[in-house]
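> how would this look folded up:
(one chain, ligands or ions: 1)
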Amino acid sequence: MRDHFHTAKTALQERFGDYLKAKNYKVDHRLKDVNKLYLLEKRYDLFLLDRDCTLHGYHAAAREPAFELTLEHLKGKSDLVSNSSYDEVRRIRDIFGDLMPVSMMVRMEASDHPILLRFVGGKLNAMEYHDDDGSFLHRTAELVGPDERLLSPVIHKFKKPNPEILTAVIQANVLEGRVRHDPRVLMVGDRYLTDIVAGNLADVDTALVRPFRPLTDKLELIAVRYALDLPLGTVMRNIHALSGSSYALPY
Ligand SMILES: [Mg+2]
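Reported below is the predicted structural model:
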């Protein structure tokens, strides 16, 4: 439990200035669930998807049958961006990896640059990200051992709302030829303080989905959602909307 509170506290401290700006809570689309993405399918080249309480319940062991057709339909233009641990991300790959790449970003002792750990077609790539020119150096052979064991200690995890992980994943999609240069991107998630703020900091459109099975969250995550994320996010989103921007009506 302490770990989740520590993560929330660290994010608040590191991103305090960003969390105070209403524009970072801009929501372009409010969706009942991910099935409503079919309405937006033609408007975006790439859908960056959150996992927990967006695609299925918290740390669920299988895909949600009700969303299967939509995710199949978005195959080729979706990407899962995770804040979870490396072991959990491997589990996510086992569940969703045939539908979309699964990515997380870390700092490792062996490099001065962030490393994008990215499962494509289920296979792990360790890509050193150079944000000055948007290039990647493939370091899988040096950084990943047998059984997908990481050969250099992870000293930091880049988590949403840090926009760098979104920027790197978008760039990876462009370089892999999955999307066109300068793609239209939508960040899709159930939380303001991670997903929506990350999308706005990365300067992409955002879709807020109503949380899927929110009570499957861990107790502390339920507390953070209803005591902080939802009330603060709703107020800030409305302040931003009242400041003259368009207002996203729920689908
Ligand atoms: Mg979530």
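> Up against the ion, what does the protein have?
Counting by Cβ under 5 Å from the ion, the residues of the chain close to the ion are 50, 52, 53, 54, 190. In this view, the C-beta of every residue, glycine as well, is placed from N, C-alpha and C.
> Which of those residues fall in helices?
Among those, no member is found in helices (DSSP state H).
> Including distance to residue 70 and pLDDT, could those go into JSON lines?
Below are those laid out as JSON lines (distance: Cβ to Cβ, whole Å; pLDDT from 0 to 100):
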{"residue": "50", "distance to residue 70": "15", "pLDDT": "98"}
{"residue": "52", "distance to residue 70": "17", "pLDDT": "96"}
{"residue": "53", "distance to residue 70": "16", "pLDDT": "96"}
{"residue": "54", "distance to residue 70": "12", "pLDDT": "97"}
{"residue": "190", "distance to residue 70": "16", "pLDDT": "97"}
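> Kindly present those as TSV, with separate columns for neighbour count.
What follows is the residues of the chain next to the ion, written out as TSV (neighbours: other Cβ atoms under 10 Å):
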residue	neighbour count
50	24
52	26
53	23
54	24
190	27
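> And the helices in this structure, which stretches?
Under DSSP H, the chain gives helices at 2-14, 16-19, 68-73, 86-96, 140-143, 164-175, 197-201, 219-224, 230-242.
> Give me whichever of those is most buried.
Burial of these is given as mean neighbour count (mean count of other Cβ atoms under 10 Å); helix 197-201 ranks first at a mean of 27.
> What helices and strands are in contact with it?
helix 16-19, helix 164-175, strand 185-189, strand 205-209 (3 or more Cβ pairs under 8 Å, 6 or more residues apart in numbering; DSSP states H and E).
> Now do that helix: distance to the chain's middle.
10 Å (Cα atoms, centre = their mean, to the nearest Å).
> likewise stretch 90-100?
With Cα atoms, centre = their mean, you get 14 Å for stretch 90-100.
> and if you look at stretch 186-195?
7 Å.
> Flag every buried residue along it.
For stretch 186-195, a neighbour-count test (16 or more other Cβ atoms under 10 Å) marks 186, 187, 188, 189, 190, 191, 192, 193, 194, 195 as buried.
> With respect to the ion, which of those residues is nearest?
Proximity of the buried residues of stretch 186-195 to the ion was ranked by Cβ to the ion; the top entry is residue 190 with 4.5 Å.
> can you tell me how far that closest one sits from residue 196?
9 Å (Cβ to Cβ, to the nearest Å).
> so what sits against both of these two?
residue 208 (Cβ atoms under 8 Å, 6 or more residues apart in numbering).
> Could I get the helices and strands packed on helix 197-201 in TSV, plus columns for distance to residue 136 and mean pLDDT?
Converted to TSV, the helices and strands packed on helix 197-201 look like this (distance: least, Cβ to Cβ, whole Å; pLDDT from 0 to 100):
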stretch	distance to residue 136	mean pLDDT
helix 16-19	26	92
helix 164-175	7	97
strand 185-189	18	98
strand 205-209	24	98
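> Retrieve the pLDDT associated with residue 14.
Note for residue 14: predicted pLDDT of 80.
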